[in-house]
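**Q** Show me how the following folds:
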Amino acid sequence: MAHRFILWTLSVVGLFGCQATSRFEAFHEAVRGKTDIVVYEGLPHPVVEKEAYRRDKERPHQTWLDQALRNTPTLLTPEDVKTLAVLLSESSALEPWSGEKKCGGFHADWALEFVDQGKSWRALICFTCGELKLVGDEPALSDMTALTKSELERVLAPHRTARTE
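**A** The predicted structure follows:
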């Protein structure tokens, strides 16, 4: 009986792992060549920047998967948008999720949105965890490679809203 349970558990884990992998493969393909990626900044970190988070949370904002984001898109240069598309279209940009990090939980520093062939794509980026989370009917979580994380930070950091605690 225990043997069957173990086999069932492994097959379920394998099935969901495959679904997440195929979701990310589709994401890589969909973002390739995009010039119309819309980027939103996440609100300040609710633990690290408590006062700034509380203040910003009182203002109008939007929420994706319980993650608070600014309403107004962040204006990126066409070169920055191209860099995001090239970077995120590479299958080597992301790795299988390695499990929960001990960093205080996922917090969206940034969010990306674009449409490909009539399908909307949304992704949340957490630099503290080093994770990218796909939003939608089938949310999926992945780790960013160190290179992907550093390149995304390089592109997005200059656009961060100045804030003080």
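**Q** check contacts around the spatially closest residue to Q67 that is not a sequence neighbour.
**A** Residue nearest to Q67 in three dimensions, not counting chain neighbours: A108, with 3.8 Å by Cβ to Cβ, 6 or more residues apart in numbering. All C-beta spots, glycine's among them, are computed from the backbone N, C-alpha and C. For A108, the contact set (Cβ atoms under 8 Å, 6 or more residues apart in numbering) comprises 42, 64, 67-69, 124-126, 133.
**Q** taking these one by one, which sit in strands?
**A** Secondary structure from DSSP state E places 64, 67-69, 124-126, 133 of the contacts of A108 in strands.
**Q** now those in TSV, with neighbour count, pLDDT and distance to L141?
**A** Converted to TSV, the ones in strands among the contacts of A108 look like this (neighbours: other Cβ atoms under 10 Å; pLDDT from 0 to 100; distance: Cβ to Cβ, whole Å):
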residue	neighbour count	pLDDT	distance to L141
W64	19	95	14
Q67	19	95	13
A68	18	95	18
L69	21	97	18
L124	24	98	9
I125	25	98	12
C126	23	96	10
K133	21	96	5
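**Q** just those now: which is nearest H159?
**A** The nearest member of those to H159, counting by Cβ to Cβ, is I125 at 12.7 Å.
**Q** Where do the strands of this structure begin and end?
**A** 38-41, 61-64, 67-70, 94-96, 110-116, 119-126, 131-135, 140-144.
**Q** Contacts for the fifth one next, please.
**A** Yep, that's strand 110-116 we're talking about. Outside strand 110-116, the residues that touch it by Cβ under 8 Å, 6+ apart are 30-31, 34, 36-42, 64, 67, 69, 74, 84, 88, 120-125, 152, 156.
**Q** Now do the buried residues in it.
**A** By neighbour count on 16 or more other Cβ atoms under 10 Å, the buried set for strand 110-116 is 110-114, 116.
**Q** Return the residues in contact with the most centrally placed residue in the chain.
**A** In the chain, the residue lying closest to the centroid (Cα atoms, centre = their mean) is L124, at 2.5 Å. By Cβ under 8 Å, 6+ apart, L124 lies in contact with 42, 64-65, 67, 106, 108, 110-111, 132-133, 135.
**Q** hey, what's it bridged with?
**A** A111, K133 (DSSP bridges).
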